[in-house]
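Q: Any chance you can model this:
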Amino acid sequence: MQNESTRNTILFIVCTVAILLLYQVFVLQPSTERQRAQQQATTEAGADAPNTALRPETAVFTDRRTALATGPRVPISTPVLSGSLSLQGARIDDLFLTNYRETLDGDEPVELFRPQGTEHAYFAQFGWLGQNVPGVPGPNTEWTLTEGSTLAPGAPVTLTYDNGQGLRFTRRIEVDEQYVFTLTDTVANLGTQAITLAPYGSVQRHGVPDDLGRQFILHEGAVGVLDDRLRLEKYRDWEDEPRITYESTGGWLGITDKYWMAALLPDQSETIDAELRVRQVGEMNVHEANILGAARVINPGRQITETQRLFAGAKRAEILAAYEDDLGIPRFDQAIDWGMFWFLTRPIFLTVEFFYGLVGNFGVAILLLTVVIKLLLFPLANKSYESLSKMKMLAPKMEEIKKKHGSDPQKQQQEMMALYQREKINPLAGCLPIVLQIPVFYALYKVLFVTIEMRHAPFFGWIRDLSARDPSSIWTLFGAIPWDPATVPLIGGLLNGPLHLGVLPIFYGLTMWLQMSMNPPAADPVQRKIFAFMPFVFTFIMAPFAAGLLIYWAWNNMLSILQQYVIMHRFKAENPIDTFIDRYIRKKAS
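A: Next up, the predicted model:
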């Protein structure tokens, strides 16, 4: 009896921990925003070199249209990008991802870069730095378009700037079919004195939007691989240490959101100084990811050429992997936040993608993934269900032992152990499959949450986005009543939030109830009531989760019920399915 109580206690603890983890880590957003530390702008001359070339910020914002009209621009048009680059400072600062939409039903493409002068400006800047070198182009320098008219794959543009003091700068900008810009800078020394210059690249975000960097499970902020180590700095940690420096040979560094990223890609054979910096302009924090190359000496009558690259686009796994191979960028696919269970997350993602290639539907691919996982765990689950079936059959004998030795716990324990040994039952066998499902659940959650392939991916019927919650609601009778529960005064937030229940979470709750009904009841009455209440609680806990996750979990429950029923039926153990069938047959016969 003590072992049975231990088994039930372990099950209770596992389920309780799962509830807390799911509710605290995956569902709740932080209730209050973290107070941002007030920082003094640092202006050390030598250390600030990579970013002193970019300081025309202002705390007064304008709209995008006005900002774009402040100077001449070169259009950008590719199969996946649209926008423009500014001839003022030669910045890439106006970019949209045309294959993605901001909302499921919207027409607006996803905005990646936003020009300086607008709220939450976000852009990339490249150039040269040199001590005591006059006329190096800066953020307000007007470049001249000397070749090309629209930047497109196979149609580069060339910009030039002559400082009138013996230096001529030429920049050739190319873009491929996906998301990489290649900038080839040439500096010609037409003067009489040797000069020393170092190339730099900078990605800047002027003020972090409120919806970024607030989720515990997701990394948003600085990301890169430097000195063959993955470097991650969430916005809040980045702000706590306003200047972080690295040295590396090659590598990459940038700023990432959930699905999108802008990253600097230097020559992989070059020694670089990388820097993460936060500066304050008024009440706004400016986050910078900077890379400074080695200094070059340009003698009179000579010129040098430097090539830098910029990734600005969607973090699709196959695209990142292709750039990793083609350009030799180390661990570039780790820009996707695979999480601490990456050894599960990535194989699960690859499996889902494989099945998607066969069936053309990510929801069906998740169903097939569930079958694969069930097959892998089949031997373990089979033994577990056999033990549970035998324990359910032995429930009367256990109750008899409990009554016979109720006043002698030690004798009761000895009799129960003897019964388990005679029947070859492991009372803890039911715990291991549940424990093993938790990391799988987390890994699949990460796949649905962070991979752009799942974003806006439809299933069937009303499920049009597997990465979002079930849009149906019990409060509208699943679409029969045309009204929005969120508009109800006082309780609208509850009806559309914690109390929102769709078809999938209700179905999941029913499968959980049926599965638990097939298990032996807990000996302790209090535990029995708690377990009986858990399907109801989990229905509400799971309701805000991605529809794809509920499809996986409900389908997993159905397969488990089928497997458990076959075993229980074979052992002739009492189960709710056979009970229902018997009642139906008797009712029909009468």
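
Q: in the protein, which helix or strand is least confident?
A: helix 49-52 (a mean of 42; mean pLDDT, DSSP states H and E).

Q: neighbouring contacts of the helix or strand following that helix?
A: As assigned by DSSP states H and E, the chain's next helix or strand after helix 49-52 is helix 64-68. Contacts with helix 64-68, where a contact means CB atoms under 8 Å, 6 or more residues apart in numbering, come from 84, 94, 114, 115, 116, 117, 118. All C-beta spots, glycine's among them, are computed from the backbone N, C-alpha and C.

Q: Identify each buried residue in helix 64-68, please.
A: Using 16 or more other CB atoms under 10 Å as the burial criterion, the residues of helix 64-68 that qualify are 67, 68.

Q: Convert the C-alpha atoms of the helix or strand following it to PDB, please.
A: Going down the chain from helix 64-68, the next helix or strand is strand 73-77, by DSSP H and E. C-alpha atoms of strand 73-77 as PDB (Å, rounded to 0.1, in the frame of the first residue of the first chain):
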ATOM      1  CA  ARG A  73      17.200  56.800 -52.100                       C
ATOM      2  CA  VAL A  74      17.900  53.700 -54.100                       C
ATOM      3  CA  PRO A  75      15.000  51.200 -54.400                       C
ATOM      4  CA  ILE A  76      15.500  47.600 -53.300                       C
ATOM      5  CA  SER A  77      13.500  44.900 -55.000                       C
END
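
Q: So which bits of strand 73-77 are buried?
A: 73, 74, 76.

Q: got the contact list for the last one?
A: The reference is to residue 76. Neighbouring residues of residue 76 by CB under 8 Å, 6+ apart: 82, 83, 84, 85, 92, 94, 95, 150, 151, 152, 175.

Q: Give me the pLDDT value at it.
A: Per-residue pLDDT puts residue 76 at 98.

Q: partner residues bridging it?
A: When assigned by DSSP bridges, residue 76 has beta-bridge partners residue 83, residue 151.

Q: and residue 289, what element?
A: Assigned by DSSP H and E, residue 289 falls within strand 284-292.

Q: Centre of the chain to that strand, how far?
A: Distance, stretch centre to chain centre, for strand 284-292: 23 Å (CA atoms, centre = their mean, to the nearest Å).

Q: helix or strand right after that strand?
A: Proceeding N to C from strand 284-292, the next assigned helix or strand is strand 296-298, under DSSP H and E.

Q: got the contact list for that next one?
A: Identification of contacts with strand 296-298 by CB under 8 Å, 6+ apart yields 187, 188, 189, 194, 195, 196, 197, 198, 199, 304, 306.

Q: give me that answer again for 6 Å
A: The contact list for strand 296-298 (CB atoms under 6 Å, 6 or more residues apart in numbering) reads 189, 194, 195, 196, 197, 304.

Q: Could you work out the most separated pair of those?
A: Spatially, the most separated pair among the contacts of strand 296-298 is 194 and 304, at 11.6 Å (CB to CB).

Q: With neighbour numbers in mind, choose between those two.
A: Comparing residue 194 with residue 304 by neighbour count (other CB atoms under 10 Å), the higher total belongs to residue 304, at 16 against 11.

Q: State the distance from that one to residue 187.
A: 6 Å (CB to CB, to the nearest Å).

Q: Give the burial count for the closest residue in space to residue 501 that isn't next to it in sequence, as a bare number.
A: Using CB to CB, 6 or more residues apart in numbering and skipping residues adjacent in sequence, the residue nearest residue 501 is residue 474, 4.4 Å away. Counted with other CB under 10 Å, the neighbours of residue 474 add up to 16.

Q: give me phi/psi at the closest residue in space to residue 169 that isn't next to it in sequence?
A: Excluding the flanking residues, the one nearest residue 169 by CB to CB, 6+ apart is residue 161, at 4.5 Å. Torsion angles at residue 161 (phi, psi; degrees, to the nearest 10) stand at phi -150, psi 130.

Q: If you tally nearby residues, what's the number for residue 161?
A: 19.

Q: Show the contacting residues for it.
A: 137, 143, 169.

Q: Model confidence for the residue nearest to residue 346 when sequence neighbours are not counted, exactly?
A: Counting by CB to CB, 6+ apart, the nearest residue to residue 346 once its immediate chain neighbours are dropped is residue 338, at 5.6 Å. Among the per-residue scores, residue 338 shows a pLDDT of 92.

Q: helix, strand or coil for residue 338?
A: Following DSSP: H, G, I helix; E, B strand; the rest coil, residue 338 is assigned to coil.

Q: SS state for residue 545?
A: At residue 545, secondary structure determined by three-state DSSP is coil.

Q: Ramachandran angles for the nearest residue to it once chain neighbours are set aside?
A: Distances taken as CB to CB, 6+ apart place residue 469 nearest to residue 545, at 6.5 Å, with adjacent residues excluded. Dihedral angles of residue 469 (phi, psi; degrees, to the nearest 10) stand at phi -70, psi 160.

Q: can you pull the pLDDT of residue 469?
A: Per-residue pLDDT puts residue 469 at 93.

Q: do the one 10 residues further on as well
A: pLDDT, the model's per-residue confidence, is 84 for residue 479.

Q: Residue 125 now?
A: 96.

Q: What is the neighbour count of it?
A: Residue 125: 24 surrounding residues under other CB under 10 Å.

Q: So it: helix, strand or coil?
A: At residue 125 the chain is in strand, as set by three-state DSSP.

Q: right, and it touches residue 201 too?
A: No. With contact defined as CB atoms under 6 Å, residue 125 does not count as touching residue 201 (7.5 Å).

Q: Give me the distance between the closest residue to residue 257 other than its chain neighbours and residue 238.
A: Spatial nearest neighbour of residue 257, excluding adjacent residues (CB to CB, 6+ apart): residue 220 at 5.5 Å. Separation of residue 220 from residue 238 (CB to CB) stands at 10 Å.

Q: which one of these two has more residues nearby?
A: residue 238 (24 against 20).

Q: which SSE is that one in?
A: Element membership of residue 238 [criterion: DSSP H and E] is helix 235-240.

Q: Give me the helices and strands touching the helix or strand following that helix, please.
A: Where DSSP H and E defines the elements, the next helix or strand beyond helix 235-240 is strand 243-249. Under the contact criterion of 3 or more CB pairs under 6 Å, 6 or more residues apart in numbering; DSSP states H and E, strand 243-249 touches strand 271-281.

Q: Okay, now the sheet partners of the strand it packs on, with direction.
A: Taking DSSP bridges as the criterion, strand 271-281 pairs within the sheet with strand 243-249 (antiparallel), strand 284-292 (antiparallel).

Q: Done for today, thanks.
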